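Peer 1: quick one, fold the following:
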Amino acid sequence: GCNTHIKFGTMKDYAIDRLQAEYIATGHYARLWHRDYYATLLQEKGETHGGRHSAVNAHHNDNYADFYHWMEESSRFVGNSVMESLSGLPEEEWILHTDRSSTTTTSHCPMLIAGADTSKDQSYFLSGVRTESFRNVIFPLGHLIKSDVQNNTSNSTDNMSNDSNDHPRSVRELARTANIPTATKRDSMGICFIGQRNFGNFISQYLPEYMITTSSSLVSSASESSPRVFVDIDTGKILGHHRGMMHYTLGQGAKIPGVFVRYFVCGKGGGGGNSNTIYVCNSTHHPALYTDELYVDLDSFNWIGLGVDSGTSTPPRPLLEGHSVRLLARTRHLQPLASCTVSWKQNTICTSGSGTNGQLVVHFDNPIRAITPGQIVALYAGWDGLICLGGGVIGGKAPTFFDRGMSVSLSDLHPSGHNDLSLLKY
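Peer 2: Just a heads-up that it's a prediction; the model follows:
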């Protein structure tokens with residue numbers, strides 16, 4: 001919401017409309033490929049095409065030659081990376097080539113590209129930003145790595161380098177060179193506009209209907225007969241009481257007072273009409289945490305870089321023609337990309353109740369842990385997942401393997417990734 005509505009919504013509009021800025025730059029670790037950059041720039045400046053007319057040459061009399069040179073080089077470099085990533089894949093045709101018979105405008109649509117530093121890539125958080133909002137935007141840090149030592153999490157061939165050894169320079173190195181005080185400052189992990197504060201306490205201030213009614217039992221004021229209980233999904237036994245549903249999400253560790261066995265949240269609601277039940281399981285790889293399919297309303301999915309038709313983002317052409325597409329996806333920031341098949345079910349009931357065009361079905365090759373309705377799924381293309389095609393709110397998911405009476409094999413599970421805190425000890 002912050003990126004979509006504030007940074008690339010209200011803030012950008014103010015900068016462009018009120019301050020007459022030509023571009024805005026943010027510190028996101030992502031990249032944009034401004035396709036046909038030279039043609040667009042020349043057209044805006046009233047220039048004509050003639051031979052190889054460089055954007056730099058077109059602006060040799062102004063004070064921004066260095067900037068336009070950087071834009072030109074960046075556009076060329078990122079474009080080459082995109083074409084290499086898509087080379088030989090079926091999606092190469094429908095991502096890179098424009099259907100000239102269509103009313104959809106794709107030639108000048110920016111494409112969202114993952115950051116070169118894979119340990120800091122923020123494309124997942126940007127997947128909800130509309131294609132149009134990326135016009136006149138630049139990400140100067142996208143081709144850099146954050147720290148001096150990245151433990152092989154970045155590819156030196158995927159960085160625009162300035163030093164003689166062709167080694168990617170880090171943001172901290174550049175900051176030290178420029179004597180910027182924050183060069184050695186620790187990374188900030190706070191939530192936008194909230195900061196590093198106790199999120200449970202913060203959200204409780206905005207959901208006052210949830211309150212502690214007694215010292216021994218936590219009950220929602222909206223439903224005094226609906227106790228807030230932890231229930232073991234295997235035994236059905238009540239293990240204890242919790243503070244409120246909004247404090248827990250699927251997959252996270254559940255700290256149950258007086259219980260010394262490690263439990264994880266695997267379900268919320270249900271249970272004989274008790275909407276305040278939280279179901280827990282005693283293993284981080286319990287089958288109740290895994291499923292292999294999720295659903296998103298097609299109308300709510302934000303496609304990036306594939307064209308804008310009548311003010312709405314355009315889905316991939318194969319989907320519109322009734323075919324499925326092979327892509328990569330993640331359902332959490334920095335989760336390792338998972339291979340999947342995406343299809344469009346036109347006659348299914350939309351989860352939001354507001355869509356009219358059916359659902360996207362994302363079926364994963366391997367079981368995925370803790371898919372959570374209400375969170376975001378982002379889709380990627382390219383052999384290395386370089387191109388972020390957009391994202392949408394997960395509206396639903398298939399029954400878990402536990403619900404289907406199936407077990408899961410550790411060798412078949414998709415890796416959760418280094419930032420899955422549920423895999424760590426309390």
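Peer 1: with just CA atoms, put the helix or strand harbouring V296 into PDB.
Peer 2: V296 is part of strand 290-297, with elements assigned from DSSP states H and E. In PDB, the C-alpha atoms belonging to strand 290-297 read as follows (Å, rounded to 0.1, in the frame of the first residue of the first chain):
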ATOM      1  CA  TYR A 290       1.600 -26.900   2.900                       C
ATOM      2  CA  THR A 291      -0.500 -26.700  -0.200                       C
ATOM      3  CA  ASP A 292       0.300 -26.400  -3.900                       C
ATOM      4  CA  GLU A 293      -2.200 -24.000  -5.400                       C
ATOM      5  CA  LEU A 294      -3.600 -20.500  -4.800                       C
ATOM      6  CA  TYR A 295      -6.200 -18.200  -6.400                       C
ATOM      7  CA  VAL A 296      -6.200 -14.500  -7.300                       C
ATOM      8  CA  ASP A 297      -9.100 -12.500  -8.800                       C
END
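Peer 1: what's it packed up against?
Peer 2: Counting contacts by 3 or more Cβ pairs under 8 Å, 6 or more residues apart in numbering; DSSP states H and E, strand 290-297 packs against strand 359-369, strand 387-393, strand 396-397. C-beta coordinates here come from the backbone N, C-alpha and C atoms, glycine included.
Peer 1: looking at those strands, which is nearest to L306?
Peer 2: Smallest distance to L306 across these (Cβ to Cβ): 7.0 Å, for strand 387-393.
Peer 1: parallel or antiparallel, list what pairs with the closest one.
Peer 2: Sheet pairing of strand 387-393 (DSSP bridges) gives strand 111-114 (antiparallel), strand 302-303 (antiparallel), strand 376-381 (antiparallel).
Peer 1: that older thread, quick one: strands adjacent to the strand holding V296?
Peer 2: Using DSSP bridges, the strands paired with strand 290-297 are strand 359-369 (antiparallel), strand 396-397 (antiparallel).
Peer 1: pull the residues that contact that strand.
Peer 2: The contact list for strand 290-297 (Cβ atoms under 8 Å, 6 or more residues apart in numbering) reads 331, 348, 350-352, 354-355, 357-369, 371, 377, 392-401, 408, 413.
Peer 1: the strands paired with strand 387-393 into a markdown table, with extra columns for distance to M245 and mean neighbour count?
Peer 2: Converted to a markdown table, these look like this (distance: least, Cβ to Cβ, whole Å; neighbours: other Cβ atoms under 10 Å):
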| stretch | distance to M245 | mean neighbour count |
| --- | --- | --- |
| strand 111-114 | 33 | 26 |
| strand 302-303 | 27 | 21 |
| strand 376-381 | 20 | 26 |
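Peer 1: okay if I get those as JSON lines plus mean pLDDT and distance to N201?
Peer 2: Formatted as JSON lines, the strands paired with strand 387-393 follow (pLDDT from 0 to 100; distance: least, Cβ to Cβ, whole Å):
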{"stretch": "strand 111-114", "mean pLDDT": "96", "distance to N201": "34"}
{"stretch": "strand 302-303", "mean pLDDT": "95", "distance to N201": "32"}
{"stretch": "strand 376-381", "mean pLDDT": "98", "distance to N201": "25"}
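Peer 1: which one of the strands paired with strand 290-297 has the most crowded surroundings?
Peer 2: Mean neighbour count (mean count of other Cβ atoms under 10 Å) peaks for strand 359-369 among those, with a mean of 21.
Peer 1: now that strand - C-alpha only, PDB.
Peer 2: Output of strand 359-369 as PDB, limited to C-alpha atoms (Å, rounded to 0.1, in the frame of the first residue of the first chain):
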ATOM      1  CA  GLN A 359      -9.600 -16.200 -11.200                       C
ATOM      2  CA  LEU A 360      -6.000 -16.800 -11.900                       C
ATOM      3  CA  VAL A 361      -4.900 -20.200 -10.700                       C
ATOM      4  CA  VAL A 362      -1.300 -20.600  -9.700                       C
ATOM      5  CA  HIS A 363      -0.300 -24.200  -9.300                       C
ATOM      6  CA  PHE A 364       3.100 -24.900  -7.900                       C
ATOM      7  CA  ASP A 365       5.400 -27.700  -8.900                       C
ATOM      8  CA  ASN A 366       6.300 -28.300  -5.200                       C
ATOM      9  CA  PRO A 367       4.400 -27.800  -2.000                       C
ATOM     10  CA  ILE A 368       4.600 -24.200  -0.700                       C
ATOM     11  CA  ARG A 369       4.700 -23.400   3.000                       C
END
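Peer 1: so which residues of this structure form helices?
Peer 2: Assigned by DSSP state H, the helices in the chain fall at 12-13, 37-44, 55-58, 65-86, 91-96, 123-126, 171-177, 199-204, 317-320.
Peer 1: ok, of those helices, where does mean pLDDT dip lowest?
Peer 2: The minimum mean pLDDT among those belongs to helix 55-58 (a mean of 47).
Peer 1: H247 and K268, how far apart?
Peer 2: For H247, the distance to K268 equals 11 Å [Cβ to Cβ, to the nearest Å].
Peer 1: about what we covered before: among the strands paired with strand 387-393, which is nearest Y23?
Peer 2: It's strand 111-114; of the strands paired with strand 387-393, that one is closest to Y23 (Cβ to Cβ) at 16.3 Å.
Peer 1: any stretches of the stretch 251-400 of the chain with poor pLDDT?
Peer 2: 270-274, 308-312, 348-356 (pLDDT under 70).
Peer 1: 50 instead?
Peer 2: Scanning the stretch 251-400 of the chain for pLDDT under 50 picks out no residues.
Peer 1: out of the helices and strands packed on strand 290-297, the one nearest G251 is which?
Peer 2: Comparing these by their distance to G251 (Cβ to Cβ), the top pick is strand 359-369, with 6.1 Å.
Peer 1: so what touches the closest one?
Peer 2: Outside strand 359-369, the residues that reach it (Cβ under 8 Å, 6+ apart) are 251, 284-285, 289-298, 301, 319, 329, 331, 338-345, 348, 350-351, 377, 379, 392, 395, 401, 408, 412-414, 416, 420.
Peer 1: quick check: the gap between the spatially most central residue of the chain and S416.
Peer 2: With distances taken as Cα atoms, centre = their mean, the residue of the chain nearest its centroid is Y124 (1.8 Å). As judged by Cβ to Cβ, Y124 and S416 stand 15 Å apart.
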